[in-house]
Structure formats: C-alpha cells, structure tokens
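In: model this:
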Amino acid sequence: MTDARRLSDATLADLPPGIERPRYDPAATRIGVVHLGPGAFHRAHQAVYLDDLLAEAPEWAVCAVSLRNPDVRDALRPQDGLYTLSLLGETPRLRVIGSIREVLCARDEQAAVLARLAHPDVRLVTLTITEKGYCLAGDGLDLAHPDIVHDLAAPATPVSAIGYIVAGLRARRAAGLKPYTVLSCDNLPDNGGRLRRATLAFARRIDPGLAAWIEAEATFPRSMVDSITPATDEVLRERVAAALGVEDAWPVQREPYAQWVVEDAFCDGRPPFERAGAILSGDIAGHDRAKLRLLNGPHSALAYLGALMDIETVADAMRHPGLATFLERLMREDIAPTLDAPAGFDAQAYVGAILERFRNPAIRHRLAQIAWDGSQKIPVRLLGTLHDALAAGRPIDRLCLPVAAWMHFVRRQARNGVALVDPMADVLADIGRGTTGQAQDDVAAFLRLDAVFGEMAGERRFVDALVVAYAALGRRVERALATDSGRDLR
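Out: Numbers count the residues shown, from 1 in each chain. As a prediction, the model looks like this:
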C-alpha cells in the first residue's frame with residue numbers, strides 16, 4: 001500500500017459523492033482532547049460524536065494515544081488521522097471521520113505524549129483502555145501491579161494510563177495551568193469515581209501537594225457508552241477501498257445506534273456533547289441500570305431461549321414471530337415497570353430502539369457468544385428485575401422463562417458433552433449431567449448455587465414459578481413462549 005493511494009487530507013476532496021466527509025476543514029481544528037486507547041470502539045463512538053461538533057467547535061479535535069501498540073499510529077498517521085466508519089444498517093453508509101488530528105504511540109513517543117498532555121489547549125483526557133488498563137485491585141489502585149510499581153519509582157517516565165494522567169497533571173500544575181477533565185469511557189461501575197480514587201492514590205504516593213490540588217481542582221465524570229462495534233476484517237477493508245477509490249488501512253464499523261451518557265462535571269469547559277446527541281445526566285447509575293435490564297437482560301433471554309430453538313444469531317431470533325413477540329412483551333410489560341428511571345428517560349422509546357437494533361440483519365451477533373458466562377450474567381441481568389417485581393407484587397412468570405432456559409441450556413450442553421464458557425463451568429457441567437428432566441429436582445439442583453441465586457433461592461413464589469417455567473420449556477419452547485404473559489404455563 002503506497003501513501004499516494006491512501007485516504008488523506010490530500011485525497012479527501014476526490015472521494016465519490018456518496019461518501020460522507022467532514023463538514024469542516026480538518027486542518028483548521030485544534031487539539032483539545034487526548035484520548036488514551038484509540039481502539040475500534042473509540043474511533044467508532046466518541047471520535048464520531050466529536051466529529052459531529054468540530055464544524056461549530058473546532059477546538060475539540062483529538063490526539064489519539066496508544067500506550068504500547070503502534071498499529072493504530074502506523075495505520076492512521078499516513079492518512080492524516082482520517083479513517084472510514086461503516087454504519088451497518090440495512091443500507092450501509094460510509095463516512096470519513098476527521099476528528100483525530102494526531103496519532104501517537106507512548107512506547108516510542110513518550111516526550112510527545114507528555115508534551116501534549118501539558119499543552120494549554122488540552123482540556124479533556126478520555127480513556128477506553130478496558131478494565132485491566134486501570135490497574136485496579138477491587139475498588140482501588142493495585143499498588144503491586146508492575147506498571148504502577150514502575151511509575152511510582154519513575155513518575156517522569158510512566159508506562160500506565162494512571163501514570164500518564166498524573167504526569168500530565170503534575171506538569172500543568174507546575175506551569176500554572178488548570179487541570180484537564182479526565183473522562184473514562186469504559187463501561188465499568190462508577191468508572192469516574194474509581195478512576196478518581198486510583199489517580200489520587202497514585203498522586204499521594206509521589207506528591208501529597210499534587211494530590212490535594214487534583215482533589216480540589218480536577219474532575220472525573222462518570223459515563224456510559226453503548227454501540228455494537230464488530231472487528232475490522234478484510235471484507236470491510238476491501239468494501240471501503242472499492243467505494244472510496246483509495247485505500248484505508250484501518251476502517252471501523254458499527255451499528256447505526258450509539259449512546260453516550262455523560263455526567264456534566266467538567267473542570268475547564270467541555271465540548272457541546274448534547275448537540276451531537278449525547279445525554280448529559282447526573283444519574284449515570286440509573287442509565288446503567290436501564291441498559292442492564294432492558295438491553296442486556298433481553299439479550300440473555302434471546303441467547304438461552306434461541307439456543308433451545310437452534311437459532312444462531314440475534315437477528316435470526318427476532319425473525320421468529322413467537323420469540324420476537326415474547327421478548328417485546330417481556331421488555332415492555334415486565335422489565336420496564338421495575339425501573340427507577342432517570343429524569344427524562346423514556347423507557348418505551350428505549351425499548352423500541354433496542355428492538356430495532358436486535359432486528360438489524362447487518363449485525364451477526366451470535367447467540368452462542370451472548371450465552372457465555374451465564375452464571376455471572378443471570379444475577380445482574382435478570383434476578384435483580386425478578387427481585388423488584390416480587391417486591392412490587394407483579395407477575396413474574398414470564399421473567400422466569402429466561403432463567404429456566406439458562407438451566408435447560410446448561411443441561412443440554414453438559415449432557416451433549418459440549419464445554420461451557422463460564423467461570424463455573426465444571427460445577428455447572430456436574431449439575432447438568434446429574435439432571436433427570438424432572439422440573440422440581442433439576443431446579444432445586446441449580447438453586448443450590450448460592451453464588452448465582454443467593455437469597456432468591458428461598459423466595460417461594462420465585463421457586464414455584466421457576467419450576468413451572470422449567471417444566472413448560474421441557475415440553476415445547478414455542479408453546480411456552482406463546483402463553484399470555486408466560487402465565488398459563490401449566
């Protein structure tokens with residue numbers, strides 16, 4: 001691949017008319033954001049929100065920093081940071097994103113990264129580094145982590161994200177500048193709070209005065225992000241090259257839907273995120289809970305019920321009339337009423353958006369993958385909703401069907417000799433092999449899993465409804481789904 005045939009500022013004007021391109025001059029922007037961890041999700045999500053804003057707010061372009069791997073830098077630097085986003089709807093759309101104006105690899109360009117963090121124009125540092133990148137132990141900083149040990153001993157030459165954040169803040173304080181806002185965009189519980197605590201713990205170890213300044217002046221907003229972003233493959237690269245007439249070394253793709261909820265707690269101004277469709281909210285936990293119950297819970301329901309019907313993908317499952325109808329009623333009538341919704345949140349509209357996403361034929365999300373780690377997902381995705389429905393005296397029969405379907409899924413995999421992908425795989429396989437098909441006995445065996453069911457195993461109404469649901473699924477899945485609210489299962 002030669003630079004002359006690459007997507008770049010020089011070739012942007014020559015792209016075919018059907019390709020969306022920046023509505024601003026990328027060269028006229030200024031870098032106001034440093035992003036750590038510019039993988040596919042950042043480039044398909046946060047960078048796109050910023051791209052939407054640069055025509056009216058050109059001071060919020062991005063410096064993308066990989067901490068170790070130079071691949072993104074090596075792909076995008078010859079392209080002046082430009083890359084293509086493919087939006088995977090029934091009719092795919094291609095859009096060139098121009099918000100990334102500098103691409104660095106900290107491993108090779110440490111001085112440039114530190115200089116950028118200290119630059120007066122930078123007012124926001126964002127991160128998508130996955131949970132392990134925060135070097136946490138429980139709720140705090142892992143002081144024994146090798147990267148943290150290194151950075152505490154040599155804070156001027158950091159290797160960790162926390163080390164770089166503190167080094168940049170230290171330089172700004174020394175220069176008499178305001179701190180930047182630090183915004184985690186990884187879906188971790190209390191992501192901003194955990195990042196703040198880790199940053200302060202690190203800073204206290206090297207300079208208590210710096211830590212006090214960060215604590216008083218800097219902010220670490222909480223956030224939540226959502227959009228399905230399949231990995232880039234050669235099929236995408238070839239399709240993009242054919243459409244653009246030039247090569248793009250690293251295009252990205254995602255579904256058309258994207259959500260970004262951000263706590264409005266910035267210490268030195270912020271991009272006008274709401275103009276690009278982001279939600280500014282003081283209740284990130286409420287939005288997290290809505291996503292967990294209305295998106296993740298139904299995803300698991302589809303995975304286990306669909307698996308029992310030998311359906312392969314989410315979109316395939318949504319083409320099954322009985323399953324699609326069951327899922328919509330589960331969401332609208334059983335899950336949505338249990339939510340303590342954030343201010344301004346429209347649960348029914350959110351359900352409609354999720355159902356549209358599930359039906360998208362361009363996203364091949366395999367049910368077998370969603371079914372992984374059921375022992376970890378069932379408690380947080382479904383049992384919390386069941387607990388609240390019980391407490392409110394609401395019907396729970398339909399809510400019990402996905403839980404019973406998980407039990408049947410485990411039983412089928414174990415009895416067929418298929419390995420489970422689950423931290424409790426061995427225990428679950430033993431239970432599955434020991435089941436007899438008798439609903440009372442099989443459900444009782446699963447309910448002894450205290451790490452999964454806890455106090456719910458003692459809730460008589462839940463146990464009785466679960467036994468009925470298990471027995472109904474054992475007879476015929478389609479019939480169980482077709483009952484009125486799942487209530488007439490006997």
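In: got the contact list for the nearest residue to I162 once chain neighbours are set aside?
Out: In this structure, I162 finds its nearest non-sequential neighbour in F202, 5.2 Å apart by Cβ to Cβ, 6 or more residues apart in numbering. Placement of C-beta: from N, CA and C, glycine included. Applying Cβ atoms under 8 Å, 6 or more residues apart in numbering to F202 gives the contacts L141, I148, D151, L152, I162, G163, V166.
In: rerun at 6 Å
Out: F202 sits next to L141, I162, V166 when contact means Cβ atoms under 6 Å, 6 or more residues apart in numbering.
In: among those residues, which are in strands?
Out: L141 (DSSP state E).
In: need the contacts of F202 in TSV with pLDDT, neighbour count and distance to E459, can you?
Out: Formatted as TSV, those follow (pLDDT from 0 to 100; neighbours: other Cβ atoms under 10 Å; distance: Cβ to Cβ, whole Å):
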residue	pLDDT	neighbour count	distance to E459
L141	97	25	38
I162	98	29	42
V166	98	28	47
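In: In JSON lines, list the contacts of F202 along with distance to E274.
Out: Listed next are the contacts of F202 as JSON lines, based on distance: Cβ to Cβ, whole Å:
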{"residue": "L141", "distance to E274": "32"}
{"residue": "I162", "distance to E274": "29"}
{"residue": "V166", "distance to E274": "30"}
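In: Any buried residues in the strand or helix carrying A414, and which?
Out: Using DSSP states H and E, the element containing A414 is helix 397-415. For helix 397-415, a neighbour-count test (16 or more other Cβ atoms under 10 Å) marks 397-411, 413-414 as buried.
In: and what of stretch 27-43?
Out: Neighbour-count burial for stretch 27-43, counted by 16+ other Cβ under 10 Å, picks out 29, 31-43.
In: again with stretch 219-237
Out: Those would be 219-230, 232, 236-237, for stretch 219-237 by 16+ other Cβ under 10 Å.
In: Nearest to D441 among the residues you listed?
Out: Closest to D441 out of the buried residues of stretch 219-237 is I228 (39.1 Å), distances taken as Cβ to Cβ.
In: Would you mind measuring from the nearest residue in space to that closest one that is not next to it in sequence to P16?
Out: Nearest residue to I228 in three dimensions, chain neighbours excluded: E255, at 4.6 Å (Cβ to Cβ, 6+ apart). Applying Cβ to Cβ, to the nearest Å, the value for E255 to P16 is 24 Å.
In: Neighbour count for these two, which is higher?
Out: E255 (20 against 9; other Cβ atoms under 10 Å).
In: so who does that one touch?
Out: Applying Cβ under 6 Å, 6+ apart, the residues near E255 are L88, I228, N360, I363.
In: tally of neighbours for the residue nearest to the first one when sequence neighbours are not counted?
Out: This means L88. Among residues not flanking L88 along the chain, A362 sits closest, at 3.9 Å (Cβ to Cβ, 6+ apart). Counted with other Cβ under 10 Å, residues neighbouring A362 total 16.
In: likewise D442?
Out: So D442, with other Cβ under 10 Å, has 24 neighbours.
In: How about the contacts made by it?
Out: D442 makes contact with T435, according to Cβ under 6 Å, 6+ apart.
In: Which strand or helix spans it?
Out: Here D442 is assigned to helix 439-447, by DSSP H and E.
In: which parts of that helix are buried?
Out: Of all the residues in helix 439-447, those buried under the rule 16+ other Cβ under 10 Å are A439, D442, V443, A445, F446, L447.
In: With stretch 458-472 instead?
Out: Buried residues in stretch 458-472, counting neighbours by 16+ other Cβ under 10 Å, are found at E459, F462, V463, A465, L466, V467, V468, A469, Y470, A471, A472.
In: And for stretch 340-360?
Out: P342, F345, A347, Y350, V351, I354, L355, R357, F358, N360.
In: Could I get the CA-only coordinates of the helix or strand where A285 lies as CSV?
Out: Per DSSP H and E, A285 falls inside helix 284-291. Only the C-alpha atoms of helix 284-291 are listed here, as CSV (Å, rounded to 0.1, in the frame of the first residue of the first chain):
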residue,chain,number,x,y,z
ILE,A,284,-25.3,7.6,35.3
ALA,A,285,-26.1,4.7,37.5
GLY,A,286,-29.8,4.9,36.5
HIS,A,287,-28.9,4.8,32.8
ASP,A,288,-26.5,1.8,33.5
ARG,A,289,-29.4,0.0,35.3
ALA,A,290,-31.8,0.7,32.4
LYS,A,291,-29.2,-0.7,29.9
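In: next structured bit after it?
Out: For helix 284-291, the succeeding helix or strand toward the C-terminus, using DSSP H and E, is helix 297-308.
In: Check the model's average confidence along whatever helix or strand comes next after the helix holding A414 for me.
Out: Next helix or strand after helix 397-415 toward the C-terminus (DSSP H and E): helix 425-434. Here helix 425-434 scores 97 as its mean pLDDT.
In: Out of the contacts of F202, which comes closest to T11?
Out: Nearest member of the contacts of F202 to T11, counting by Cβ to Cβ, is I162, at 38.8 Å.
In: Now for the closest one: which residues touch it?
Out: By Cβ under 6 Å, 6+ apart, I162 lies in contact with C135, A198, F202.
In: Tell me the pLDDT of T91.
Out: So, for T91, pLDDT stands at 86.
In: just to revisit the earlier point, looks to me like the residue nearest to I162 is in a helix.
Out: Yes: counting by DSSP: H, G, I helix; E, B strand; the rest coil, F202 falls inside a helix.
In: wait, isn't A40 in contact with V252?
Out: Yes: with contacts counted by Cβ atoms under 6 Å, A40 reaches V252, the gap being 4.7 Å.
In: So the chain: which segments form each domain?
Out: Following the assignment in automatic domain parsing, the chain carries domains at 3-282, 285-486.
In: Return the helix holding A414 as PDB; C-alpha atoms alone will do.
Out: Output of helix 397-415 as PDB, limited to C-alpha atoms (Å, rounded to 0.1, in the frame of the first residue of the first chain):
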ATOM      1  CA  ASP A 397     -44.000 -16.000  35.200                       C
ATOM      2  CA  ARG A 398     -42.600 -14.500  32.000                       C
ATOM      3  CA  LEU A 399     -39.500 -13.300  33.700                       C
ATOM      4  CA  CYS A 400     -38.700 -16.800  34.900                       C
ATOM      5  CA  LEU A 401     -38.700 -18.300  31.400                       C
ATOM      6  CA  PRO A 402     -35.200 -16.900  30.500                       C
ATOM      7  CA  VAL A 403     -33.800 -18.200  33.800                       C
ATOM      8  CA  ALA A 404     -35.300 -21.600  33.200                       C
ATOM      9  CA  ALA A 405     -34.000 -21.500  29.700                       C
ATOM     10  CA  TRP A 406     -30.400 -21.000  31.000                       C
ATOM     11  CA  MET A 407     -30.900 -24.100  33.200                       C
ATOM     12  CA  HIS A 408     -32.000 -26.100  30.200                       C
ATOM     13  CA  PHE A 409     -29.100 -24.700  28.100                       C
ATOM     14  CA  VAL A 410     -26.600 -25.900  30.800                       C
ATOM     15  CA  ARG A 411     -28.300 -29.300  31.000                       C
ATOM     16  CA  ARG A 412     -28.300 -29.700  27.200                       C
ATOM     17  CA  GLN A 413     -24.600 -28.700  26.800                       C
ATOM     18  CA  ALA A 414     -23.500 -30.900  29.600                       C
ATOM     19  CA  ARG A 415     -25.400 -34.000  28.500                       C
END
